[in-house]
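A.B. asks: Build me a model from this:
(2 chains)
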Amino acid sequence: MSAWGAVAGGFVGTVVLTTAMRAASELGLTRMDLPFLLGTALTADRTRAKAVGFVLHFVVGQFFAFVYFGIFVAIGDGGWALGALFGLLHGLFAGSALVSVLLPVIHPHMGTPVSSAADRPLLEPPGFMMINYGQGTPLVTLLAHVAYGAIVGGFISLAS
Amino acid sequence: MRSAGYAPLRDYAAIGDGRTVALVASDGSIDWLCLPDIDAATVFAAVLDATRGGSFRLAPTGRFTTERRYLPETNVLETTFVAEEGVVRLTDAMLLPGDGLAPARELARRVEGLSGRVPMRWRAEPRFVYGSRTPRLGRRGVTPVATDGHQAIALSSWAAGEPTVDDSSISGDFISRQGETALLVLSGADQEPLVLPRRADVESRLEATVAFWRDWAAERAHEGPWRDAVTRSALALKLLIHAPSGAIAAAPTASLPEQIGGERNWDYRFCWVRDSAFTLEALMQLGCPSEADAFFWWLLHASQLTHPRLRVLYRLDGGARAPETELALSGYCDSKPVRVGNGAVDQSQLDVYGDLLQTAWLYGRAANGLDRETGRRLAETADLVCELWRQPDCGIWEVRSEPRHFTHSKMMCWVALDRAVRMADADWLPPSHTARWKAEAARIRDFVETRCWSDELGAYVRSTDSRELDASVLLGALMDYRGAHDPQMIATIDALRRELGRGSLLYRYSGEDGLRGGEGAFLCCSFFLVDALARAGRVDEAAEMMEELIGLANDVGLYAEQIDSETKDFLGNMPQGLVHLSLINAAVSLGKADGA
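C.D. replies: You can find the predicted model right below:
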């Protein structure tokens, strides 16, 4: 296992995850737009937000790849299958606690069921597993994260 | 007054934001809205199916009368409801984005109580994808939303009653009291989460939107007796300009019928090459250099994939495919079929080559030339015209009968080669084929003069050896195939008025076109006639017609494609760009003729 594998896996995995989410959006399965969600935390300009959001998403992708790498090292095991399992847990975490609980704390525009647009313009609250962004969002999110995890796990193992 | 749920087409005003357009009836109902763009599927299409199409109604609950206007020199609509209980003012606008985080599309409806206590009711029935989908309705916090696939709308309201959400609609009731203001905002999202706006931001964007339109209108350069009509036409055209690309939609609607109950129902949410020369001329006459620039380069980019051949029309994103399909909607006043997409895209129309080269000529004159690559492409187009002009085609009116040798098409082929020669003489096009272009132009002229002129009728006829007339040959005068002073052109003008005219109105042709039923008088042809008369020096006659035609606009100065010459009811898609373009160009010609 190597850190360079985590770097490469994080990059490729994020490319695949982003592309899968975008394709699902084109197919009408979801309105989830991760770059838009992340970017609007830093700027109110739509175009700039999407660009900034892409960069942030790749940074976050690298961060989680190193989290996977750290756990693999700690337990002395790895591989694409374990990575896929991590991806599933990662997807559940992202769709529940991360977006619904943690993101509203740091995101100035992220709505929650109890927030009010009287104070500032709000992004639509995502709901559990971001289901407010389309009925297909939970499945798409989980599958995309499973793919991400498998890729990260595979790259880390390949580089060993 | 509505009949079977349908408002007269004359009752509609348009609001837009450079991306999409909504039609608002005088009774406060929004009966047409495509999201996210003008050529996307509808959220509201009650104008095409009062039951299934979906609408956003807002009006007093009791009896009322209305007065309407656009706020001066804007595309912001103001409807005043005069009810028994008092008076209420409704302001409708598609908001332009400002600096802060705003919805991707935002339609604001502000209700001001002017007097009394007026019970008001609003009800939004969103029906995505031309009424074919039942939306999922719910709430995000307190805000009602409707979602379907990659699309969603939110309906935020302030002081407009507690919103009620049921299986198919979002609605509310409130009392509009003197001095109080309620606000409803429809926010749209496509492939992204909704943005739920703040009231203060909406109010601020509404003011900024009014200011934008006023500033834009103030920069338009036209003075004269028809200034108001020209300014309104310019604002209507601006609504049709697709901001991301610079393309101009022929109209923001689809399948509004040319005959009530008839089958002549077409989708106009595309950019027609045939309108390009008029578009560029009007934009330059109005002092819109940036819009003219964007349009010209969009046209060249869009046509690059099919070069040197031209499609009849292109999608607003420059795409060359527009497959025609029929929708399961009942149609306006049961006018079926309801079509989206346009089969004319695959037709052969030779006139478009003349329009492209005339457009390039106009642009080149304004820009002091064309670059070498553009010149080379235009020369290849002229070469193609030398090969194509002998073929029959479907003509400017896109007949669905057998192709013919239409007179107007041949005239425009001559225009194409004449402009190619002019541009080569100006050193914008490579000169190597100039002799061929001149020779073929002479052959086309000989063909038109021998095969398309009728001594019996004393006019250019619709197609070779026919006895039918066609108002499109007026473009021969406007595009300098023959000057408007030419005796044959003057004779043709008189024959057209005699055979196709009803007062100031003109029908577009006699004879069959492969479709059942008839149609109304064609408003752009009526303005072509004014233009031709003005150029012919018959200024008083032209001015009288112009006055009558301007009187036929609806209460807010808009026109549909056609008009019933008896009832003056509107027919066809609206607001139609070519009508407003031809109004502008006719007013300019009249101004020039008056000053000459």
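A.B. asks: tell me which residues of the host helix or strand of B:V415 are tucked away?
C.D. replies: Element membership for B:V415, per DSSP states H and E: helix B:407-425. By neighbour count on 16 or more other Cβ atoms under 10 Å in any protein chain shown, the buried set for helix B:407-425 is B:407-424. To be clear about C-beta, it is placed using only N, CA and C from the backbone, and glycine gets the same treatment.
A.B. asks: Report the spatially nearest residue to B:A41, omitting neighbours in sequence.
C.D. replies: B:V129 (4.4 Å; Cβ to Cβ, 6 or more residues apart in numbering or on different chains).
A.B. asks: interface residues of chain A facing chain B?
C.D. replies: Proximity of chain A to chain B (Cβ under 8 Å from any Cβ of the partner chain) is limited to residues A:25-33, A:36-37, A:40, A:44-46, A:109, A:111-126, A:132-135.
A.B. asks: Next, count neighbours for the residue nearest to B:A41.
C.D. replies: When neighbours are counted by other Cβ atoms under 10 Å in any protein chain shown, B:V129 registers 17.
A.B. asks: Please give me every residue in contact with B:A247.
C.D. replies: B:A247 sits next to B:241, B:271, B:295, B:298-299, B:302, B:314, B:316-318 when contact means Cβ atoms under 8 Å, 6 or more residues apart in numbering or on different chains.
A.B. asks: measure it to chain A for me?
C.D. replies: Distance, B:A247 to chain A, by Cβ to the nearest Cβ, to the nearest Å: 20 Å.
A.B. asks: now swap in B:A366 and tell me
C.D. replies: Note on B:A366: its distance to chain A, by Cβ to the nearest Cβ, is 31 Å.
A.B. asks: The helix or strand containing that residue: which residues count as buried?
C.D. replies: In this structure, B:A366 sits in helix B:351-367 according to DSSP H and E. In terms of neighbour count (16+ other Cβ under 10 Å), helix B:351-367 has its buried residues at B:351-364, B:366.
A.B. asks: list the helices and strands that helix packs on?
C.D. replies: With contacts defined as 3 or more Cβ pairs under 8 Å, 6 or more residues apart in numbering or on different chains; DSSP states H and E, helix B:351-367 has these neighbours: helix B:276-285, helix B:289-304, helix B:372-388, helix B:407-425.
A.B. asks: What is the three-state secondary structure of residue 93?
C.D. replies: Since no chain was named, I'll use chain A. The three-state label given to A:F93 by DSSP: H, G, I helix; E, B strand; the rest coil is helix.
A.B. asks: other chain: chain B
C.D. replies: Following three-state DSSP, B:A93 is assigned to strand.
A.B. asks: can I assume it is in contact with B:L107?
C.D. replies: Yes. B:A93 is within contact range of B:L107, at 7.5 Å (criterion: Cβ atoms under 8 Å).
A.B. asks: tell me, what's touching those two both at once?
C.D. replies: By Cβ under 8 Å, 6+ apart, B:A93 and B:L107 have these common neighbours: B:I15.
A.B. asks: Apart from its chain neighbours, what residue comes closest to B:M574?
C.D. replies: Distances taken as Cβ to Cβ, 6+ apart put B:A560 closest to B:M574, at 3.6 Å, once the chain neighbours are dropped.
A.B. asks: what is the mean pLDDT for the helix holding B:A366?
C.D. replies: Here helix B:351-367 scores 96 as its mean pLDDT.
A.B. asks: again, but for stretch B:525-537
C.D. replies: Here the average pLDDT along stretch B:525-537 is 96.
A.B. asks: who touches the helix or strand just after the helix holding B:V415?
C.D. replies: Going down the chain from helix B:407-425, the next helix or strand is helix B:434-451, by DSSP H and E. For helix B:434-451, the external contacting residues (Cβ under 8 Å, 6+ apart) are B:382-383, B:385-386, B:389, B:405, B:407, B:410-411, B:413-414, B:417-418, B:420-421, B:424-425, B:460, B:464-465, B:481.
A.B. asks: Chain A contacts on the stretch 101-250 of chain B?
C.D. replies: B:101-102, B:104, B:136, B:140-143, B:145, B:147, B:149-152, B:154, B:156, B:189-199, B:201.
A.B. asks: hmm, which of the residues you listed are the buried ones?
C.D. replies: With burial judged by 16+ other Cβ under 10 Å, the buried subset of these is B:101-102, B:104, B:140-141, B:143, B:145, B:147, B:149-152, B:154, B:156, B:189-199, B:201.
A.B. asks: In strands, which of these fall?
C.D. replies: The members of these that map onto strands under DSSP state E are B:140, B:143, B:145, B:147, B:151-152, B:154, B:156, B:189-190, B:195-196.
A.B. asks: which one among those residues gets closest to A:V55?
C.D. replies: B:V195 (21.3 Å; Cβ to Cβ).
A.B. asks: do you know how far that closest one is from B:E106?
C.D. replies: Applying Cβ to Cβ, to the nearest Å, the value for B:V195 to B:E106 is 9 Å.
A.B. asks: Overlap of the contact sets of those two?
C.D. replies: B:S187.
A.B. asks: The residue lying closest to B:E67 once chain neighbours are set aside: what secondary structure?
C.D. replies: Nearest non-adjacent residue to B:E67, counting by Cβ to Cβ, 6+ apart: B:T80, 4.6 Å away. At B:T80 the chain is in strand, as set by three-state DSSP.
A.B. asks: Just the buried subset of the contacts of B:A247, please.
C.D. replies: Buried subset of these (neighbour count, 16+ other Cβ under 10 Å): B:241, B:271, B:295, B:298-299, B:302, B:314, B:316, B:318.
A.B. asks: pLDDT at the residue in chain B that chain A sits nearest to, what is it?
C.D. replies: Residue nearest to chain A within chain B: B:G149 (3.2 Å; Cβ to the nearest Cβ). As predicted, B:G149 sits at a pLDDT of 91.
A.B. asks: show me where chain A has helices.
C.D. replies: With DSSP state H as the criterion, chain A has helices at A:3-26, A:34-39, A:46-75, A:80-93, A:103-106, A:137-158.
A.B. asks: In terms of mean pLDDT, which of those helices ranks lowest?
C.D. replies: Minimum mean pLDDT among the helices of chain A: helix A:103-106, a mean of 83.
A.B. asks: returning to that earlier point: so which of the residues of chain A next to chain B are in strands?
C.D. replies: A:122-123.
A.B. asks: buried sites along stretch B:68-77?
C.D. replies: Neighbour-count burial for stretch B:68-77, with 16+ other Cβ under 10 Å as criterion, is recorded at B:68, B:70, B:73-77.
A.B. asks: B:H580: what's it in contact with?
C.D. replies: Each residue near B:H580 by Cβ under 8 Å, 6+ apart is listed here: B:233-234, B:236-237, B:559.
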